[in-house]
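Colleague: prediction below, plus the sequence it came from.
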Amino acid sequence: METVKQTTNVKIIKAIFVIFVGTILLTLSAKIKIPFYPVPMTMQTFTVLFLGVAFGWKISVLTVSAYLFEGILGLPVFAGTPEKGLGLIYFTGPTMGYLIGFLVAAFFAGYINFRTNFFLIFVKLIFCVAIIYILGIFWLGFLIGWDKPILQLGVMPFMLAELFKILLLSLLTNKIIKFRKFI
């Protein structure tokens, strides 16, 4: 009985550590801008999907939730903070749909079986990223109006970068899945 309790405690400590490190990775991925055409690229969507693939849906959703909570509390964890504001004001701005999409994408990236061939991994990751953009577009349309060129503002500038990140993650997925043994 004592061994079971110790094993459970070790798992909880490992999970807390992964969540803490994951929020740091998400913050760093939001802050580092890579020159790309037509707009600079951050690695946030890559990191969200990486967390799901590597640690499963429970840990990845908890990690993204903790990250969002940090941002809502006013910590400068989001891309564009503190320059463009902090806390709930920033969170409810134009990027809120994308940020909530991180939660849903983390769930699916952690829930979907990626132990398959490269093409299916690629398609499944496109599905996960599409969720982020669909929720982002819905919020953006609600916020700025549906009469605006929402796809041109909120999706098209990022497609090349997203394809690059999905391709990279697809190539690494079979190696990344091995992280699940850590938890």
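Modeller: Nice, thanks for sending it over. Predicted model, so just to flag it, every value in this text is computed and none were measured.
Colleague: isn't Lys33 up against Thr42?
Modeller: Yes - assessed by Cβ atoms under 8 Å, Lys33 is found in contact with Thr42 at 6.0 Å. For glycine as for every other residue, the C-beta is placed from the backbone atoms N, C-alpha and C.
Colleague: neighbour count for these two, which is higher?
Modeller: Using other Cβ atoms under 10 Å as the criterion, Lys33 and Thr42 rank with Thr42 on top: 21 against 12.
Colleague: any idea how far that one is from Leu75?
Modeller: The gap separating Thr42 from Leu75 is 17 Å, by Cβ to Cβ, to the nearest Å.
Colleague: what's the answer for Met41, then?
Modeller: 23 Å.
Colleague: how about low-confidence regions in this structure?
Modeller: 1, 4, 37-39 (pLDDT under 70).
Colleague: report the central residue of it.
Modeller: Taking Cα atoms, centre = their mean, the centroid of the chain lies closest to Val48, which sits 2.4 Å from it.
Colleague: ok, that residue - contacts?
Modeller: With contacts defined as Cβ atoms under 8 Å, 6 or more residues apart in numbering, Val48 is in contact with Leu26, Ser60, Val64, Phe102, Ala105, Ala106, Ala109, Ile132.
Colleague: got a list of what Gly80 touches?
Modeller: Gly80 sits in contact with Tyr90, Thr95, where contact means Cβ under 8 Å, 6+ apart.
Colleague: wait, a strand at it?
Modeller: No - read with DSSP: H, G, I helix; E, B strand; the rest coil, Gly80 is coil and lies in no strand.
Colleague: just use 547 as the starting number from now, easier for me
Modeller: Shifting the count to begin at 547 puts that one at Gly626.
Colleague: quick revisit: from the contacts of Val594, pick the one nearest Lys670.
Modeller: Closest approach between these and Lys670, by Cβ to Cβ: Ala655, at 8.2 Å.
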